[in-house]
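In: attaching a predicted model along with its sequence, questions to come.
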Amino acid sequence: MEFPPTDRVIYNINPLRLVVCQLRFPLDLRIDVAMPADFQQKIRGVFPLAKEDTDESSYFVPDDVARHFPNEMLEALSTRINRRYLFQSRDKAWAVTLANNFVALECTEYICWEDFRERLALVVSAICETYQVGFFTRIGLRYQNVIDRRVLGLNDFGWKELLSHFVLGPLSLSKSVESAQEHNGSFLTQLYNSEDVVRVRYGLVTEKSGDPSNVMFILDYDFFTKDNVETEADDVVKRVDIYNSSNRGLFRRCIKDKLHDAMEPRPAAD
């Protein structure tokens, strides 16, 4: 599926709650047994805050195997320590997570693609240089948008006036769309070729805290490929550039002009 090209804009009232790019690679046990000091030094100027997170995974050891080992060794065999390392910017709006089979860049205060792209290039370069990653097994870029009519001053407008039938589905045919208590869906479609796809999730959501009567709409796009991708930093970032461009066309197709204008778009410098 191809999404129509659209002019690049920056929304002053940004609906994005989360943008995350995850790069998976073959299991590297060095990350479990040694502190990633070299990796930290490469990104420390942008992500100076660091902490370690660990959890244990239990594995079943069959009785016919267990009887050949002392109890101390069985405990070691049956329990695995999984380590994750979190590196954050000073304001904690940006974070890098490193585990033994993936690295992820996350932003909760997204403004423009150039900011994200610059940090992503730094992370890709650091992981490739530190751990000699030969290829990535999955590249994914996810955008999570939450449309809150109260924030946008659109309380008097119904969802049919703000969103396209592309995501409203059966609700677009209903005269009582505002009375719907549940609506959600998802679909998976190819982009320009068979290698890249996007999983779209959408639906009504309410606040987990605060006013439970405030009904919002979520638009969650996960672009990814499961094909192996070589780890040249430029190639990886260019692949993600395609996802970013596709996201713009997809988002614009899901919303109507009334919503677009309410978010106060301004031209973005290319």
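Out: All right, it came through fine.

In: the chain: strands as residue ranges?
Out: Taking DSSP state E as the criterion, the chain contains strands spanning 9-11, 16-24, 49-58, 79-88, 94-99, 102-107, 135-136, 138-147, 184-190, 197-206, 215-225, 229-230, 265-267.

In: which helices and strands does the fourth one pack with?
Out: By that I understand strand 79-88. On a contact count with 3 or more CB pairs under 8 Å, 6 or more residues apart in numbering; DSSP states H and E, strand 79-88 meets helix 30-33, helix 37-43, strand 49-58, strand 94-99. (C-beta placed from N, C-alpha, C; glycine too.)

In: one more pass at 7 Å, please.
Out: Helices and strands touching strand 79-88, by 3 or more CB pairs under 7 Å, 6 or more residues apart in numbering; DSSP states H and E, are helix 30-33, strand 49-58, strand 94-99.

In: would you mind getting the angle between it and strand 102-107?
Out: 30 degrees (axes from the mean of the first three to the mean of the last three CA atoms, to 10 degrees).

In: and residue 92, how far from residue 109?
Out: 9 Å (CB to CB, to the nearest Å).

In: comparing these two, which residue is more hemmed in?
Out: More crowded of residue 92 and residue 109, by other CB atoms under 10 Å: residue 109, with 15 against 11.

In: residues contacting the closest residue to that one other than its chain neighbours?
Out: Closest residue to residue 109 apart from its sequence neighbours, by CB to CB, 6 or more residues apart in numbering: residue 93 at 4.0 Å. Counting by CB atoms under 7 Å, 6 or more residues apart in numbering, residue 93 touches 107, 108, 109.

In: residue 93 and residue 202, how far apart?
Out: 25 Å.

In: equivalent analysis for residue 20, please.
Out: From residue 20 to residue 202 the distance is 18 Å (CB to CB).

In: what about the closest residue to residue 18 other than its chain neighbours, how many neighbours?
Out: Of all residues not flanking residue 18 in the chain, residue 144 sits nearest, at 4.2 Å (CB to CB, 6+ apart). Residues within reach of residue 144, counting by other CB under 10 Å, total 18.

In: ok, now the one 5 residues further on?
Out: Counted with other CB under 10 Å, the burial measure for residue 149 works out to 19 neighbours.

In: tell me the pLDDT at it?
Out: Looking at residue 149, its pLDDT stands at 94.

In: CSV for the helices and strands packed on strand 79-88, including mean neighbour count?
Out: Listed next are the helices and strands packed on strand 79-88 as CSV, based on neighbours: other CB atoms under 10 Å:
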stretch, mean neighbour count
helix 30-33, 14
strand 49-58, 11
strand 94-99, 20
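
In: what would these look like in CSV with distance to residue 168 and mean pLDDT?
Out: Formatted as CSV, the helices and strands packed on strand 79-88 follow (distance: least, CB to CB, whole Å; pLDDT from 0 to 100):
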stretch, distance to residue 168, mean pLDDT
helix 30-33, 44, 88
strand 49-58, 39, 76
strand 94-99, 34, 97
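
In: now do the helices in the stretch 151-270 of the chain.
Out: Applying DSSP state H, counting those that start in this stretch to the stretch 151-270 of the chain gives helices spanning 159-162, 165-168, 233-254, 257-262.

In: indicate which one of those is closest to residue 38.
Out: helix 233-254 (16.6 Å; CB to CB).

In: tell me how many other residues crowd residue 218.
Out: 17.

In: kindly report the same for residue 114.
Out: 11.

In: same thing with residue 40?
Out: 18.

In: shouldn't it be in contact with residue 50?
Out: Yes: using CB atoms under 7 Å, residue 40 makes contact with residue 50 at a distance of 6.0 Å.

In: and for these two, which residues touch both?
Out: residue 87.

In: identify the residues contacting residue 222.
Out: By CB under 7 Å, 6+ apart, the neighbours of residue 222 are 140, 142, 198, 199.

In: for ChimeraX, what selects the buried ones among these?
Out: In ChimeraX, this line selects whichever of the contacts of residue 222 come out buried by 16 or more other CB atoms under 10 Å:
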select :140,142,198
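
In: quick one on the thing from earlier: more neighbours: which of residue 20 and residue 202?
Out: Between residue 20 and residue 202, residue 202 has the larger neighbour count (other CB under 10 Å), namely 22 against 19.
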